[in-house]
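> Based on what follows, work out the 3D shape:
(chains A and B)
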Amino acid sequence: MTKRILPVLAGLALVAALAVALSSPPDVLQGDFVRILYIHVANAWLAFLAFGVTAAASIGWLVRKKPGYDRVAASSAEIGVLFTAVTLFTGMIWGKPIWGTFWDWGDARMASTALMFFVYLGYLALRRATPDRQARARRSAILGVIAVVQVPLVYFSVTLWRTLHQGLTIRPDSVQMEPAMLVALLVNVGAFSLLYLALLTARVRLARLEEAAEAHERAPAGRAVTAPRLETGQ
Amino acid sequence: MSAGWIWAAYLVTYGLIFGYVFSLVRRSRRLTRRES
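Below you'll find the predicted structure:
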């Protein structure tokens, strides 16, 4: 049921999010460039959520050793990397006209996000480099738990180090945003959340297919290709 | 001027997402075909 409903819902929500983002009022300082931030911020938050799910599923695997946890952890990490890539690219495109530069390694938020991106790329590389299923699940679960430390580090990097990136606009105690802009941001967050769920279910299904194919390839060879036994003739 | 940057950001976003969805569908189809 969710196989068809979730992708359709996510697609419709993304179209609605695009319409809301492009019709929202321009910002006093940034003008129309604020429209880039709706996808930039939504993807950053969803990347945090995806890596949080990876960590939770990794703990689940370490405690219960069920393959389903490993599938969810790996799938969520892959989608998190996709959302982080979108965050980095949209941030760069926004940064050029607003800050005058695509990238600044001296900025804490940019540098920590790039580091998080490469660490999770390493997580995916580690999985590909480990052929044994059990060892792969164990190693990536340990890395999945350790790597999530970066999420609060990236989030609070703007308050820990005052560099180029602006501080937190949305806090638990105050929201410094026009209501129309906040609605546009929340609609985008909702749409990308649905997309995350749709991608996660599809990726977990694919992981199950990959495991079945892997098990088929590693199945012991049949009688016809086993080494011949010496018959004594008795 | 601003429209170009905005469309570039949206093209990159949706391009990456559609590229990933396409790769999921392609890999799923290949494995399903191999299974059957």
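
> Please, where are all the strands along chain A?
Assigned by DSSP state E, chain A shows no strands.

> Show me what the longest helix along it is packed up against.
Assignment by DSSP state H gives helix A:179-218 as the longest helix of chain A. In terms of contacts (3 or more Cβ pairs under 8 Å, 6 or more residues apart in numbering or on different chains; DSSP states H and E), helix A:179-218 is packed against helix A:2-23, helix A:34-64, helix A:67-99, helix B:2-35. All C-beta atoms are positioned from the backbone trio N, CA, C, and that covers glycine.

> Out of the ones you listed, which gets nearest to A:L194?
Set against A:L194 and scored by Cβ to Cβ, the helices and strands packed on helix A:179-218 come closest in helix A:2-23, at 4.2 Å.

> and the longest helix of chain A with helix A:67-99, angle?
Here helix A:179-218 runs at an angle of 140 degrees relative to helix A:67-99 (axes from the mean of the first three to the mean of the last three Cα atoms, to 10 degrees).

> Next, the angle from helix A:179-218 to helix A:2-23.
Using the same axes, to 10 degrees: helix A:179-218 against helix A:2-23 is 150 degrees.

> which stretches of chain B have low pLDDT?
Within chain B, the ranges that satisfy pLDDT under 70 run B:1, B:35-36.

> can you pull the buried residues of the longest helix of chain A?
Buried residues in helix A:179-218, counted by 16 or more other Cβ atoms under 10 Å in any protein chain shown: A:181, A:184-185, A:187-189, A:191-200, A:202-203, A:205-207, A:209.

> follow-up on the earlier one: please name whichever of the helices and strands packed on helix A:179-218 is nearest to A:G144.
It is, among the helices and strands packed on helix A:179-218 and with distance given as Cβ to Cβ, helix A:34-64, at 3.4 Å.
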